[in-house]
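Participant: Build the 3D model from these lines:
(chains A and B)
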Amino acid sequence: MDNSGNILISLINAHDISGYKELYHRYYKALVMHAEGIVGDILMAEDIVENVVVVLWNSNKTFDDIKSFEAYLYRAVHNMAMNELKHSAIVNSYEQNVMTSSHEAMDEYDEEYELQIVKLMEYVDELPERMREVINKSMQGMTAKQIAEHLKISVETVKTHKKRALKMLREAFCE
Amino acid sequence: MDVNKIIRTLYKKGDYQHKRKVYDSLDTDVAFERFSKRIGMENNANTGVTGKNVGGSIRFRPYRKYVAVAASLLLPAIIATAVLFSNNNKEEDMLANTMPGTSIAYIETSRGEVIPLDSASVNIREHGINASVANGELVMEGADEVEMTSIYIPRGGEYKLTLLDGTKVHLNSDSKLTFPSRFTGNSRDVELTGEAYFEVAHDEGKPFIVHLGNISVKQYGTRFNINAYTGKSKTITLVEGSIGVTSGNNECRLTPGRQACVSGDEMKVCNADVDAVMGWTEGMFKFDGENLSDIATTLSRWYNVDVCVDASLSNCCFTGSLSRESSLRDILEAICEITNTSISVNDNTIKIKK
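Facilitator: Numbering: from 1, shown residues only, chains lettered A, B, ... in the order given. The predicted structure is shown next:
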């Protein structure tokens, strides 16, 4: 894991397109999610992330390690999203109050959050079908009973699936 | 950060559904293509290379080495994912269509006629047989002539029957019991292959003898289980009463809770895990440190599919109780989870592997 991070950093520092491909695979979804959380629009969030990566490509910036690289990406996406927000807030002054209040709350953020969510969703997608259905529904807030009715299986089975799925997710995260 | 905390945060924020929607709507490959096109266009517009990077670090880097390293990292992951997903559907189909065993049996008369039995109630008064079927149980009734009858349980089946002397027999999958329609002579002789549980009706003057090829099990009124599938050592487990086991020149007497294992000419007597042995008669698989390949054989018989185990797992054991009413998928999931193994499905054969 560490090693692949170092390779990614050398590729990025070497301005190598394959490094950017890896950047997309690792961080694109997490970064878009973060931007989307601020601007509330998926397409705009995608544009923001793309712009950040283009700016990076056009710069001579190099990184010492994966942590500072991640921090840079998050900070850049965050700032650009905030700028977009301010911009659209001026365009649409009606929303300004709402925006500024959320703006302040948004300035504190957890870099890891979206990355972890993306990881979680990747792992969820790898679960066996039934467990996946159960855990998806459960995380959407459905109770075991509702899930059981929905999937036409017993409540006990739902609980077993959920328990096993969480165990598998925990193991996947520990790796 | 551990998964519990993330899940808790997601719950608290009520975020999951929304994040899921965003996540599912994104296509990383498409996005990367868009990015490549864009920097390609930008590079063209800026006469090949963007201003800042002229003479900089982009042109003569040893790409090939890096690309090879990157590819070696990415490729196995991509292939593994592809294999996983392409297999998944077939596996799901196969596993989803595999049902646990039910009450099925065939009666074979001495004249070679075969009568299928299911759980429906019928009376059989033909081919020299006088019997009735109720609730998936066959009850033999009085007969004038002495005819040898066999009851055969296919893979994926089980059946209970009561012999004319009142002895109850519960037959497991892939088993066969041959018995006379009426017990004459000085003993009650039946022949078994496969697995069966006996509750012998007491008759002091007429011992009940189960023949397993050249092994015989003799008792007077008792409860015991016999596991005597072909190509395997045969085990006779006594639950209650007293039995004698004879194999060639060896003879031993079992007390309750003891088990005789007969393999070829050898006979060993040891303490039995009666609970595990009797599990199947109560609708359970009870495995107690059992070898995966033996478990696979048991599952093959009950689910009527071929389950095999990769040779590298020959020493792998599993302990646990599972319902025989569970789907094969649930059973395999449980076993794989605990033994840290996985499943592949090929031409209707399920393989447990690392």
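Participant: from here on, contacts and neighbour counts on C-alpha atoms
Facilitator: OK.
Participant: Quick check: chain neighbours aside, which residue is closest to the one residue in the stretch 101-250 of chain B that gets nearest to chain A?
Facilitator: As assessed by CA to the nearest CA, chain A sits closest to residue B:101 within the stretch 101-250 of chain B, at 19.7 Å. Of all residues not flanking residue B:101 in the chain, residue B:156 sits nearest, at 4.0 Å (CA to CA, 6 or more residues apart in numbering or on different chains).
Participant: could you say which helix or strand contains the residue nearest to residue B:187 when sequence neighbours are not counted?
Facilitator: Once flanking residues are discounted, residue B:187 sits nearest to residue B:206: 4.6 Å by CA to CA, 6+ apart. Counting by DSSP states H and E, no helix or strand carries residue B:206.
Participant: quick one, phi/psi of residue B:257?
Facilitator: Dihedral pair for residue B:257: phi 90, psi 0, per degrees, to the nearest 10.
Participant: Show the contacting residues for residue A:63.
Facilitator: A:9, A:13, A:69 (CA atoms under 8 Å, 6 or more residues apart in numbering or on different chains).
Participant: Pick the one among those residues closest to chain B.
Facilitator: residue A:13 (8.4 Å).
Participant: Next one, pLDDT for residue 1 please.
Facilitator: Picked chain A for this. Looking at residue A:1, its pLDDT stands at 46.
Participant: Please refer instead to chain B.
Facilitator: 52.
Participant: State the distance from residue B:160 to residue B:190.
Facilitator: Per CA to CA, to the nearest Å, residue B:160 is found 15 Å from residue B:190.
Participant: Which one's more surrounded, the two?
Facilitator: residue B:160 (23 against 20; other CA atoms under 10 Å in any protein chain shown).
Participant: The host helix or strand of that one packs against which elements?
Facilitator: Using DSSP H and E, the element containing residue B:160 is strand B:157-162. If you count contacts as 3 or more CA pairs under 8 Å, 6 or more residues apart in numbering or on different chains; DSSP states H and E, strand B:157-162 packs onto strand B:102-103, strand B:105-108, strand B:137-140, strand B:168-171.
Participant: Pipe these into CSV and attach mean neighbour count and mean pLDDT per row.
Facilitator: Conversion of the helices and strands packed on strand B:157-162 to CSV gives the following (neighbours: other CA atoms under 10 Å in any protein chain shown; pLDDT from 0 to 100):
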stretch, mean neighbour count, mean pLDDT
strand B:102-103, 20, 78
strand B:105-108, 22, 82
strand B:137-140, 22, 85
strand B:168-171, 22, 93
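Participant: which other residues reach stretch A:144-154?
Facilitator: Against stretch A:144-154 from outside (CA under 8 Å, 6+ apart): A:134, A:137, A:138, A:155, A:157, A:158, A:159.
Participant: for it, which positions count as buried?
Facilitator: A:144, A:147, A:148 (16 or more other CA atoms under 10 Å in any protein chain shown).
Participant: does residue B:227 have beta-bridge partners, and which?
Facilitator: residue B:195, residue B:235 (DSSP bridges).
Participant: who's in contact with it?
Facilitator: B:194, B:195, B:196, B:234, B:235, B:236.
Participant: Does the fourth one touch residue B:259 like I think?
Facilitator: No - counting by CA atoms under 8 Å, residue B:234 stays clear of residue B:259, with 10.1 Å between them.
Participant: Quick check: closest non-adjacent residue to residue B:251.
Facilitator: Nearest one to residue B:251, counting by CA to CA, 6+ apart, is residue B:245 at 5.6 Å.
Participant: Verify the contact between that neighbour and residue B:217 for me.
Facilitator: Yes - the pair residue B:245 / residue B:217 is scored as a contact, 4.6 Å apart, by CA under 8 Å.
Participant: still on that earlier bit, and the pLDDT for the residue of the stretch 101-250 of chain B closest to chain A?
Facilitator: 79.
Participant: what's near enough to touch it?
Facilitator: With contacts defined as CA under 8 Å, 6+ apart, the neighbours of residue B:101 are B:155, B:156, B:157, B:158, B:173, B:302, B:303, B:304, B:324, B:325.
Participant: ok, now which ones touch the nearest residue to residue B:236 once chain neighbours are set aside?
Facilitator: Of all residues not flanking residue B:236 in the chain, residue B:226 sits nearest, at 4.5 Å (CA to CA, 6+ apart). Each residue near residue B:226 by CA under 8 Å, 6+ apart is listed here: B:194, B:195, B:196, B:197, B:234, B:235, B:236, B:237.
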